[in-house]
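**Q** Next one to model:
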Amino acid sequence: MERYGYIIELGRKLPPFPDDWANDAHRVPGCQSRVWMEAEARDGKLFFAGASDAAIVSGLVALLLRVYSGRTPGEILATDPIFLKELGLLEALSTNRGNGIAAMARAIRERAAAEQPVG
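**A** Residues are numbered from 1 along each chain as shown. Coordinates of the predicted model:
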């Protein structure tokens, strides 16, 4: 239960997500709760913003952003989301939330792959 409290607190500390981004174009498919993410490429790095309509899921968004935001596409792709399992996080979550965090990590990695320099 303490772990949930920490995750919820992370979500409360997320920077405000612009209301006009909370739409289908930014929605992460595969999440039971509504989750929106946006990425900006700047100086060879990707910076992610995200939000959810659920407190615990907002915390999961915040956790992923801490790991992946501000990194190069190559660094993102080299960071396997296995850390979620190693933290014991997936076992503590419902199956639907586990699937949702996997969908969020996949969306981040797909964006990184799209930004990866060719050659």
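
**Q** Pretty sure A49 sits in a strand.
**A** Yes: counting by DSSP: H, G, I helix; E, B strand; the rest coil, A49 is located in a strand.

**Q** what about the longest helix in this structure?
**A** In the chain, taking DSSP state H as the definition, the longest helix is helix 95-115.

**Q** Let me see the mean pLDDT of that one.
**A** For helix 95-115, mean pLDDT rounds to 90.

**Q** Repeat that for stretch 39-54.
**A** The model assigns stretch 39-54 a mean pLDDT of 96.

**Q** follow-up on the earlier one: against which helices or strands is the longest helix of the chain packed?
**A** Secondary-structure packing of helix 95-115 (3 or more C-beta pairs under 8 Å, 6 or more residues apart in numbering; DSSP states H and E): strand 35-42, strand 45-52, helix 55-68, helix 73-78, helix 89-92. Every C-beta, even on glycine, is put in place using the N, C-alpha and C of the backbone.

**Q** and of those, who's closest to I108?
**A** The minimum distance between I108 and the helices and strands packed on helix 95-115 falls on helix 55-68, with 5.0 Å, by C-beta to C-beta.

**Q** If you tally nearby residues, what's the number for Q116?
**A** 13 (other C-beta atoms under 10 Å).

**Q** oh sorry, the question was meant for A103
**A** What A103 shows, counting by other C-beta under 10 Å, is a neighbour count of 16.
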